[in-house]
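Asks: let's see this in three dimensions:
(one chain, ligands or ions: 1)
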Amino acid sequence: MSMTMEAILDKPQIRRLSAPDRQAFRDHLNRLDPDSLRQRFGMPVNNGFIDTYATTAARIDTLIFGCFINGEMRAAAELRNVAEGPNQSAEAAFSVEKTWQARGLGTALMARIVAAAQNRGIRRLFMIFLSENDRMRRVANRFGAKLSFEHDASRGFVTAVLDWKR
Ligand SMILES: CC(C)(COP(=O)(O)OP(=O)(O)OC[C@H]1O[C@@H](n2cnc3c(N)ncnc32)[C@H](O)[C@@H]1OP(=O)(O)O)[C@@H](O)C(=O)NCCC(=O)NCCS
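Replies: Model (predicted):
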């Protein structure tokens, strides 16, 4: 019997990150290829930026989830501005390492983010990404997000908004 790569891989495990996961989060971001990094942050970024970002990302109003495969973090999702108060909106952002893209991890993380947002009484979730980012657009569409398009001098952006009633 041939052993395929899929057969020896664990099922992806998604869990909320805490302080001891900071280095794993930084390592995950550093493994992103230049194009995925540009898609994630909307602009080209260097290693110095990533180090600072990984150190400061876990703020009191931010939840970060990691997706682990065989013990390595291969994808992450961030939910920002999880503040108290009615009608609040939170921003979500996703990163999946190249080899692991288009295998459903982004969709699984989005489901987790939506559940986390709903559990915290958030009414509106939004995501901002470059208009060329078809994969992110498909993930957002699958969850019924409303898309709007904007341009600045050099780039086109999509804002995807998910609203739900309580
Ligand atoms: C955008 C991004 C988060 C999407 O995550 P992903 O894991 O690649 O996306 P998914 O696999 O869940 O879904 C995207 C497409 O992949 C394909 N796909 C989904 N599940 C799949 C599976 N199990 N097997 C094969 N292909 C699959 C589908 O074509 C899907 O589109 P669909 O929903 O129309 O069917 C990821 O590609 C990424 O990190 N990109 C770089 C950073 C970035 O762009 N971040 C977003 C800006 S915040």
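
Asks: wondering if stretch 34-44 reaches the ligand at all.
Replies: Yes - using Cβ under 6 Å from any ligand atom, stretch 34-44 reaches the ligand at 36, 39-40. C-beta here means a position set from N, CA and C on the backbone, and glycine is covered the same way.

Asks: nearest spatial neighbour of the residue of the chain found nearest the ligand, skipping sequence neighbours?
Replies: The ligand sits closest to Gly106 of the chain, with a gap of 2.0 Å, by Cβ to the nearest ligand atom. Closest residue to Gly106 apart from its sequence neighbours, by Cβ to Cβ, 6 or more residues apart in numbering: Val139 at 4.9 Å.

Asks: show me what the helix or strand where that neighbour lies is packed up against.
Replies: For Val139, the element it lies in under DSSP states H and E is helix 134-142. Packed against helix 134-142, as judged by 3 or more Cβ pairs under 8 Å, 6 or more residues apart in numbering; DSSP states H and E, are the following elements: helix 105-119, strand 124-130, strand 146-151, strand 156-163.

Asks: other SSEs contacting the longest one?
Replies: For helix 105-119, the elements it packs on are strand 13-16, strand 62-69, strand 72-80, strand 89-96, strand 124-130, helix 134-142, judged by 3+ Cβ pairs under 8 Å, 6+ apart.

Asks: many thanks, we can stop here.
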